[in-house]
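Colleague: Need coordinates for the following:
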Amino acid sequence: MNSDALTLSRMRFHSRHGVLPEEAVRGQDFEVTVRLELPLAAAGQADDLARTIDYRAAHEVVRGVMAGPPRRLIEALAEGVATELLRAFPPVQAVEVEVTKLNPPVGFVSAGLAVRIRRCRT
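Modeller: Next up, the predicted model:
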């Protein structure tokens, strides 16, 4: 497996995902970090965007999932982001996705709750 990776850190989205009814009504803030594993030597040597993943295109894929149909669990959001990134970018060998719910409506103080998954191309 290649050790090269492109990371988009802490992208912010206001979305309507969650288990509780009020989460779907008022929405809440999420952060998403993705790490795309793919060979980057050719892009670095040629200084050529066509040989890597355009950050804007990757952001749009993540935005599409976060703005898409409501999901109850952040685990489902992470799975959706991973699936769509692998589908959109064939050179990506694996993807790590972390989804953080910044102000979860839980009965205790928390700076955020997160899940992190890693999925490889089969």
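
Colleague: Any buried residues in stretch 54-71, and which?
Modeller: Going by neighbour count (16 or more other Cβ atoms under 10 Å), the buried part of stretch 54-71 is 58, 61, 62, 65, 66, 71. For glycine as for every other residue, the C-beta is placed from the backbone atoms N, C-alpha and C.

Colleague: what do you get for stretch 84-98?
Modeller: For stretch 84-98, the neighbour count (16+ other Cβ under 10 Å) marks 84, 85, 86, 89, 91, 92, 93, 94, 95, 96, 97, 98 as buried.

Colleague: Work out the gap between that stretch and the centre of the chain.
Modeller: Chain-centre distance of stretch 84-98: 10 Å, with Cα atoms, centre = their mean, to the nearest Å.

Colleague: what's the first-to-last distance across that stretch?
Modeller: 14 Å (Cα to Cα, to the nearest Å).

Colleague: got a list of contacts for that stretch?
Modeller: 1-2, 32-39, 53, 57-58, 61-62, 64-65, 78, 81-82, 114-121 (Cβ atoms under 8 Å, 6 or more residues apart in numbering).
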